[in-house]
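Q: how would this look folded up:
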Amino acid sequence: MTAAAPMVTMPFPRRPKYGDAEITAATALLRSGSLSEIGRGPASAGLEDAFAELIGTTYALSFNSGTASLHAALNAVQHAASTDLVAGVAMSPMTWISAITAAFHAGSYPVFADLAPHSPNLDPAAARATGCSAVLVTHAWGIPARMDEFAHQSVPVVEDCSHAHGALYQNRPIGSWGRAGCFSLQESKAVSGGEGGVLTTDDRAVYEAAMTVGHHPFRLAAELTDLRLLPLTTAAASYKYRIPALSAAIATEQLKTLPERMRACEDNLAHLTHLIRTIDLPLQPVPAPEGSLRGWYGAPFTLLEPVTAPAALAAACKQANLPVRALYPDWMSAPLLQQPALTERYWPHMRGRWNPPDVRDFPNYQNFRKQTLLLKIPDTPAPGYVEQVAAALTITRQPS
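A: As a prediction, this is how the structure comes out:
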């Protein structure tokens, strides 16, 4: 009789997403009778100050989504550099669709470049070779990109830090390397306000220009000092991107527990990695660069043997109840980017200019998609659960 394949029977360990501190902060705000801040009110100021302290930047600016912060950042670096993004924005295809469409929103367009070998992140040399007007660097799955190599780019660099709250590269916070860093506060992220976003920067020109994309004239009049921007104090772009006060208050409380939750993730990943090595599985975690601290939005593992049947492996993982998170869809194959008529419908400035990408031009990206297993890691101590996951991962062994 064949023994049943091991599977995970314990529920995924979770702490309450929003605990007593978040509930207290939200209740206090409700009792105050004020849930809308058109200026830099106490809730948005609290969040911005906390993020600036975490990232070590002079400024932080809140938004209603990470997407809005990306749009504002790309507009702002154009203003600060006194240039236009006419040659496109170099970026990785291993990202959420909002990072891609943000380039269109900013009046430019995405130019995909391949990943660095054995990495989920953009290859600095490939980005430089595009000749683009700016670079958007995503720290995919919380693995810090090699920002020292991007820092030498001759064009503005924006960091997409949506997976990388609290992460470090060369012991310096992610979100402080580029002209701007952009964070998402969507509910699945390590720091959540339900929805929301934050832009971090040391550049006053970037901070002010980003504000003009979607903040209220009341705040613009109070804070703008750039002579080129002062005419916008009455009415700027007015996308209405400011963060709801409730989201800001909740996310501020979430920041306070981030170090503790990151330590639990680190301990659980270290335990899982040790078990995988002990039972000699063909898996290894994608390493963070030396001197780095990873963020947490899933942990990518490299399958060390060629995956010949991805669908079968996915089905086996589901059958074993493994905590597998799906990689992002291959956006380059999506109709929005493959059918110019769709692209041009939403972004008329692309009429006659958009050339659909060919996915075959990105071999490192394709290999990463095929050879990666993305696991969710609990942010609370879970040794027993981790041991069950390791046992169930024996399904990754190829039959001899």
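Q: so where do the strands sit in this protein?
A: Under the criterion DSSP state E, the chain contains strands at 59-63, 89-91, 110-112, 134-138, 157-160, 168-169, 172-173, 180-184, 197-201, 283-285, 299-303, 372-375.
Q: Relative to Leu337, which of those is closest?
A: Leu337 lies closest to strand 110-112 among these, at 8.2 Å (C-beta to C-beta). Where C-beta positions appear, they are placed from N, C-alpha and C, glycine not excepted.
Q: Where does the prediction get shaky in the stretch 251-400 of the chain?
A: The stretch 251-400 of the chain contains residues with pLDDT under 70 at 398-400.
Q: Helices of that one, residue ranges please.
A: Along the stretch 251-400 of the chain, the segments classed as helices by DSSP state H, counting those that start in this stretch run 310-319, 335-338, 340-346, 363-371, 383-392.
Q: again, but for the stretch 51-200 of the chain
A: Assigned helices in the stretch 51-200 of the chain, in chain order: 66-81, 97-105, 124-129, 147-150 (criterion: DSSP H, counting those that start in this stretch).
Q: looking at it, Gly41 is touching Leu246, isn't it?
A: No. Assessed by C-beta atoms under 8 Å, Gly41 is found out of contact with Leu246, at 11.8 Å.
Q: quick one, which of those two is more surrounded?
A: Leu246 (20 against 16; other C-beta atoms under 10 Å).
Q: what's the spacing between that one and Asp114?
A: Separation of Leu246 from Asp114 (C-beta to C-beta, to the nearest Å): 41 Å.
Q: Repeat that for Leu322.
A: Taking C-beta to C-beta, one finds Leu322 at 29 Å from Asp114.
Q: more neighbours, these two?
A: Asp114 (22 against 19).
Q: State the distance from that one to Asp330.
A: Going from Asp114 to Asp330 by C-beta to C-beta gives 14 Å.
Q: Could you export the strands of the chain as a markdown table, including distance to Glu22 and mean neighbour count?
A: Output for these, formatted as a markdown table (distance: least, C-beta to C-beta, whole Å; neighbours: other C-beta atoms under 10 Å):
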| stretch | distance to Glu22 | mean neighbour count |
| --- | --- | --- |
| strand 59-63 | 17 | 28 |
| strand 89-91 | 33 | 27 |
| strand 110-112 | 35 | 24 |
| strand 134-138 | 27 | 28 |
| strand 157-160 | 25 | 28 |
| strand 168-169 | 25 | 22 |
| strand 172-173 | 23 | 18 |
| strand 180-184 | 17 | 31 |
| strand 197-201 | 17 | 30 |
| strand 283-285 | 31 | 17 |
| strand 299-303 | 25 | 21 |
| strand 372-375 | 27 | 20 |
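Q: In TSV: those, plus distance to His274.
A: Output for these, formatted as TSV (distance: least, C-beta to C-beta, whole Å):
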stretch	distance to His274
strand 59-63	37
strand 89-91	35
strand 110-112	37
strand 134-138	29
strand 157-160	31
strand 168-169	23
strand 172-173	28
strand 180-184	31
strand 197-201	35
strand 283-285	11
strand 299-303	14
strand 372-375	15
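Q: Show me the one of the ones you listed that comes nearest Pro144.
A: Nearest to Pro144 among these is strand 168-169 (3.9 Å), distances taken as C-beta to C-beta.
Q: neighbouring contacts of the closest one?
A: Strand 168-169 has contacts (C-beta atoms under 8 Å, 6 or more residues apart in numbering) with Pro144, Ala145, Arg146, Met147, Asp148, Ile174, Trp177, Pro289, Gly291, Ser292, Leu293.
Q: Can I get the buried part of those residues as one ChimeraX selection?
A: To isolate the buried ones among the contacts of strand 168-169 in ChimeraX, judged by 16 or more other C-beta atoms under 10 Å, type:
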select :144,145,146,147,174,177,289,292,293
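Q: Could you identify the most distant pair in the contacts of strand 168-169?
A: Most distant of the contacts of strand 168-169, by C-beta to C-beta, are Asp148 and Leu293, 15.5 Å apart.
Q: Contact partners for Leu374?
A: Residues counted as contacts of Leu374 (C-beta under 8 Å, 6+ apart) are Trp141, Gly298, Ala299, Pro300, Phe301, Val324, Arg325, Ala326, Leu327.
Q: One more: Leu74?
A: Contacts for Leu74 (C-beta under 8 Å, 6+ apart) come out as Leu85, Val89, Ala102, Ala103, His105, Ala106, Ser108, Ala134, Leu136, Val158.
Q: 7 Å - rerun?
A: Listed by C-beta atoms under 7 Å, 6 or more residues apart in numbering, the contact set of Leu74 reads Leu85, Val89, Ala102, Ala103, Ala106, Ala134, Val158.
Q: From Arg172, how far off is it?
A: To Arg172, Leu74 is 23 Å away according to C-beta to C-beta.
Q: what residue ranges in the stretch 1-150 of the chain are flagged as low confidence?
A: For the stretch 1-150 of the chain (pLDDT under 70), the answer is 1-4.
Q: again, only this time at 80
A: The stretch 1-150 of the chain contains residues with pLDDT under 80 at 1-5.
Q: most centrally placed residue in the chain?
A: Nearest residue to the geometric centre of the chain (C-alpha atoms, centre = their mean): Ser162, 2.3 Å.
Q: nearest residue to it other than its sequence neighbours?
A: Ser184 (3.8 Å; C-beta to C-beta, 6 or more residues apart in numbering).
Q: now swap in Asp202 and tell me
A: Leaving aside its sequence neighbours, Asp202 sits nearest to Thr58 (C-beta to C-beta, 6+ apart; 4.8 Å).
Q: what do you get for Gly175?
A: Closest residue to Gly175 apart from its sequence neighbours, by C-beta to C-beta, 6+ apart: Gly181 at 2.9 Å.
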